[in-house]
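Asker: model the structure of this input:
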Amino acid sequence: MKTLLITVGAAALLAGQAQARTLTVTPGGDAQDKLQTALLDAKPGDTVMIAAGRYELTDGLSLDVANVTVKGAGPDATILSFKGQKSSGEGFLITSNKVTVRDLGVEDTKGDGIKSKGVDQISFVNLKVVWPEGPKSTNGAYGVYPVASTNVLIDKVTVSGASDAGIYVGQSKNIVVKNSTAQFNVAGIEIENSMNADVHDNLSTHNAGGILVFDLPNLPLMGGHSTRVFHNRVVQNDTKNFAKKGAIVGDVPTGTGVMVMANRDIHVFDNEIDQNQTAAVMVVSYTQAYDDLTYNPLPRDIAVHDNRIGKNGWAPQFPGGDVIANAMGGTIPPVVWDGVTNFTPKGMTAPVAVHVHFTDGPVADLHFAAPGNVFSAKPQVLPTLDDGPIAEPKPVVLPKAQAAL
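Answerer: Numbering: from 1, shown residues only. I've put the predicted structure just below:
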């Protein structure tokens, strides 16, 4: 009987695999209707194949079917243009699990480029998301944007022109961002309110800020931690900040290489960081007002070591940066820390321990009395600043099939 059950189960599995289809969409005709119909008709296991060509779209696309691959002929061959988009939403919204989007280009979305929300095993592979007219505050906020998602893979993705972050992962867990390029965005790559992320082998250049690891208050998921930023090139981030008015990323100074804010267990190592006029690495507290009693605005357990740091910090763009630079000999040191340690967050009865391991010196410890309290600064430059080794987060392991994409 057991053998019979195994045989029947195997036959059912093979039958399911045999039923997997390829739904091919070609240029011409009503591109909006053809593409959305294919996405609606897809069944688990299917591939929606978008042939080479340019597709002029008038509205966003959506997918809510699990285990579907959406595939083009290459990011320069299959191009989804949203220049005529009537709504202000994202170009492509995914709300189902085990979806892969690969080998296509997206242009001129009114809102975010490609977004996933509340899903597991979402993969973005070999994509290009651009706003061809270059940096403008009216561009969409995010290029590739997984939020509230688990097991996120971003591989060989290029984003240019996003008015917030080119590659953004928010409120998510178990994340790999690799082999990608972010350029001419406000922030190149941003990991926000997320846990367990590996960001490696990427190029972040000509953004206002290169790579950001933030944690913000008043969001459904807070307490971001355990991110490794390694083996990236973070160079020549020199684009003027063009964020929309009121966006938190609008406070990122032009010329920031790597910024860590209000997060914990963050390791920045083995990166090339060069030609960023404000600073190579900034480690700072969240400075705006907040009322969430569970939020900690301080960065803690932060390690910055073994990076290849070139010329940075010659013209810092944050308020008072020129004064601080002059006090330090004319340039900002490779690592700048606001130095806030003796601060009790709201809802807590005592300061939370803050440990740092900064061996890529010299290090500027600004000794702020509280987050953002520039006027209390007592700048001190030290060769290194080291509270002792901080355990490195374990490498992120994605599900086997996803990791093999």
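Asker: and residue 244, helix, strand or coil?
Answerer: coil (DSSP: H, G, I helix; E, B strand; the rest coil).
Asker: so in the protein, where's the weakest helix or strand by average pLDDT?
Answerer: When each helix and strand of the chain is scored by mean pLDDT, DSSP states H and E, helix 2-19 comes last, with a mean of 47.
Asker: moving C-terminal of that helix, what's the next helix or strand?
Answerer: Sequence-wise, the next helix or strand downstream of helix 2-19 (DSSP states H and E) is strand 22-25.
Asker: quick one: the strands in the stretch 1-150 of the chain?
Answerer: 22-25, 47-50, 53-56, 61-63, 69-71, 78-81, 92-94, 99-107, 114-117, 120-130, 142-147, 150-160 (DSSP state E, counting those that start in this stretch).
Asker: any chance of the ones you listed in a markdown table with mean pLDDT and mean neighbour count as columns?
Answerer: Yep, even glycine has a C-beta here, placed from its N, CA and C like the rest. Shown next, in a markdown table, are these (pLDDT from 0 to 100; neighbours: other C-beta atoms under 10 Å):
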| stretch | mean pLDDT | mean neighbour count |
| --- | --- | --- |
| strand 22-25 | 97 | 15 |
| strand 47-50 | 98 | 21 |
| strand 53-56 | 97 | 16 |
| strand 61-63 | 97 | 20 |
| strand 69-71 | 98 | 22 |
| strand 78-81 | 98 | 22 |
| strand 92-94 | 98 | 23 |
| strand 99-107 | 98 | 23 |
| strand 114-117 | 98 | 25 |
| strand 120-130 | 98 | 23 |
| strand 142-147 | 98 | 29 |
| strand 150-160 | 98 | 23 |
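Asker: residue 52 against residue 77, yeah?
Answerer: Yes. Using C-beta atoms under 8 Å, residue 52 is in contact with residue 77, at 4.1 Å.
Asker: what's the local residue count around residue 356?
Answerer: Residue 356 sits with 23 neighbouring residues when counted by other C-beta atoms under 10 Å.
Asker: run through the bridge partners of it.
Answerer: With DSSP bridges applied, residue 356 shows beta-bridge pairing to residue 302.
Asker: could you dump the strands of the stretch 1-150 of the chain to TSV with distance to residue 31?
Answerer: Shown next, in TSV, are the strands of the stretch 1-150 of the chain (distance: least, C-beta to C-beta, whole Å):
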stretch	distance to residue 31
strand 22-25	8
strand 47-50	10
strand 53-56	4
strand 61-63	10
strand 69-71	14
strand 78-81	8
strand 92-94	13
strand 99-107	13
strand 114-117	17
strand 120-130	18
strand 142-147	21
strand 150-160	23
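Asker: for residue 171, find the nearest of those.
Answerer: With C-beta to C-beta, the closest approach to residue 171 among the strands of the stretch 1-150 of the chain belongs to strand 142-147: 5.6 Å.
Asker: which strands and helices sit next to that closest one?
Answerer: In terms of contacts (3 or more C-beta pairs under 8 Å, 6 or more residues apart in numbering; DSSP states H and E), strand 142-147 is packed against strand 114-117, strand 120-130, strand 150-160, strand 165-170.
Asker: count the neighbours of residue 199 for me.
Answerer: By other C-beta under 10 Å, the residues close to residue 199 number 29.
Asker: wasn't it part of a strand?
Answerer: Yes. Per three-state DSSP, residue 199 lies within a strand segment.
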